[in-house]
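> this is a predicted model, with the sequence first.
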Amino acid sequence: MTPSDDALADAWRAHWSRLIGLLIGQFARPDLAEDAVSDAFESAARHWPVDGVPTNTGAWLLTAARRRVLDRLRSEAVARRKEPLMVVDDEMRAAAAAVVDPGAHVADERLRLIFACCHPAIAPDDRVALTLRFVVGLTTTEIGRLLLVQESTMAARLTRAKKRLASSGIPFATPAAERLDERLDVVATVVYLAFTSGYHPGVGAEPLRVDLGDEAIRLLRVLDSLLPDRAVVRSLLALLLLQHSRRDTRLDESGALVLLPDQDRTRWHRDEITEGVALLSSLADASRSTADPAGHQSRLATEYRLQALIAAEHATAPTAADTRWSVIADLYAQLEALTGSPVVRLARSVAVAEADGPDAGLQLLDGLDDALPRHHRVPAVRAELLRRAGHPTAAAAAYRAALSLVTNPTERTHLESRLADLEA
């Protein structure tokens, strides 16, 4: 990568959501804000390699994005032919000066934008998708893969949500302090998916985005300070700390995936594991006394707590051989009963195979190809279990099926290696 490419990537991570938030605050037009910021980055990709990277990349991008919003507003006003051009300019200046409620009670800029995106008048799935686009900057393809939705469906969902924001008069603002809890579960879901996207290999070459994990944990700490003792926040924070603690061991020096049993546990971040386990203990104590200040233990809080308990079993096992797979299988059974998720069933099949043998795990895969038709990990797990069960021909066919679906180069290399070993 060239210096300008590095600068552009750094600017995207640092400024994407901030720029969208500033433009929405000025113009109250979420539909224009995203397009304008995208155009500004496209302009930067053309100009920075020629003109040099500006000293203040954020200011450069904001200026470029504002110009595009103003150009669009001017075009819309001229098309309506309601006012002369002089009045149009006055309208644009007035729009730029009209700032939506900044939500000073939520000090963190990015968290304010998340709360604003999660307006209850928008369908829950649309809120999540919109926030992942605006705040995290994920592509339509990446959001679709996270939510197990086809790209075309996700594109339509995002377009619908932006049009509803633009046409319905929904105030794109942070809710009052006493109304924050109403949006808390959706906000938690967005933070969880933002974290997951960092460890969810997509179509690009970059296998992990540790920075997304760091940012998700930071946001949860801010959220915990803002709304103390909420079970959904504490459960999710415990889960993410335990998962993130293994970040340095997920890839080897060549960039190849390292499976959990083969990871060097001495390099796991023990301080994060200790904090995650302590949070789970405090949640257990709280559940025996009173409900959280929001007045209930949400289903989502229970879901995150079960996932965190599973992560804790892995994190606290001294060695891979010491892992209590029967406990993990039982926790996955509880989680599947709660959510009905085919992804949970897939993870449960692995735990059951470890506890009771590969044939027991294979039985749980029945029907998952239909439930997760584009998910390469279904045939990948089937291949591993068939291999262990002594069915090499069927395992090879399953590996090839997984390879026909996988999009990430790192995962593809891993599957190719497993198939090559089997054929050898």
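Structure's in. What do you need?
> for the helix or strand encompassing residue 416, list the C-alpha coordinates in PDB.
Following DSSP states H and E, one finds residue 416 within helix 409-423. C-alpha atoms of helix 409-423 as PDB (Å, rounded to 0.1, in the frame of the first residue of the first chain):
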ATOM      1  CA  PRO A 409      -8.800 -15.800   1.400                       C
ATOM      2  CA  THR A 410      -7.600 -16.700   4.900                       C
ATOM      3  CA  GLU A 411     -10.400 -19.100   5.500                       C
ATOM      4  CA  ARG A 412     -10.100 -20.500   1.900                       C
ATOM      5  CA  THR A 413      -6.400 -21.300   2.500                       C
ATOM      6  CA  HIS A 414      -7.300 -23.100   5.700                       C
ATOM      7  CA  LEU A 415     -10.000 -25.200   4.000                       C
ATOM      8  CA  GLU A 416      -7.700 -26.000   1.100                       C
ATOM      9  CA  SER A 417      -5.000 -27.100   3.600                       C
ATOM     10  CA  ARG A 418      -7.500 -29.400   5.400                       C
ATOM     11  CA  LEU A 419      -8.600 -30.900   2.100                       C
ATOM     12  CA  ALA A 420      -5.100 -31.400   0.900                       C
ATOM     13  CA  ASP A 421      -4.100 -33.200   4.200                       C
ATOM     14  CA  LEU A 422      -7.100 -35.500   3.800                       C
ATOM     15  CA  GLU A 423      -6.400 -36.400   0.200                       C
END
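> how far does it sit from its chain's centre?
Distance, stretch centre to chain centre, for helix 409-423: 27 Å (Cα atoms, centre = their mean, to the nearest Å).
> for stretch 333-347, same thing?
On Cα atoms, centre = their mean, the centre of stretch 333-347 falls 19 Å from the chain's centre.
> and the helix holding residue 416, what's buried?
For helix 409-423, a neighbour-count test (16 or more other Cβ atoms under 10 Å) marks 410, 411, 413, 414, 415, 418, 419 as buried. The way it works is simple: take the backbone N, C-alpha and C, and place the C-beta from them, glycine included.
> might one say that the first one is in contact with residue 256?
What that stands for is residue 410. Yes. With contact defined as Cβ atoms under 8 Å, residue 410 counts as touching residue 256 (6.9 Å).
> check which helices and strands the helix holding residue 416 sits against.
On a contact count with 3 or more Cβ pairs under 8 Å, 6 or more residues apart in numbering; DSSP states H and E, helix 409-423 meets helix 377-388, helix 392-403.
> now the angle between helix 377-388 and the last one, please.
Computed with axes from the mean of the first three to the mean of the last three Cα atoms, to 10 degrees, the direction of helix 392-403 lies at 160 degrees from that of helix 377-388.
> and the chain, what are its domains?
Listed by automatic domain parsing, the domain ranges of the chain are 3-97, 108-171+181-197+212-228.
> low-confidence ranges, this structure, go.
Scanning the chain for pLDDT under 70 picks out 1, 3, 25, 80-103, 166, 168-171, 201-207, 286-297.
> residue ranges of the strands in it, please?
Assigned by DSSP state E, the chain shows no strands.
> buried sites along stretch 311-326?
For stretch 311-326, the neighbour count (16+ other Cβ under 10 Å) marks 311, 312, 313, 314, 315, 317, 323, 324, 325 as buried.
> who touches that stretch?
The contact list for stretch 311-326 (Cβ atoms under 8 Å, 6 or more residues apart in numbering) reads 238-239, 242-243, 245-246, 260-262, 265, 268, 273, 276-277, 280, 327-328, 331, 351, 354-355.
> ok so, going back, turn the buried residues of stretch 311-326 into CSV, including distance to residue 17.
Putting those into CSV (distance: Cβ to Cβ, whole Å) gives the following:
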residue, distance to residue 17
311, 27
312, 31
313, 34
314, 32
315, 30
317, 37
323, 38
324, 40
325, 40
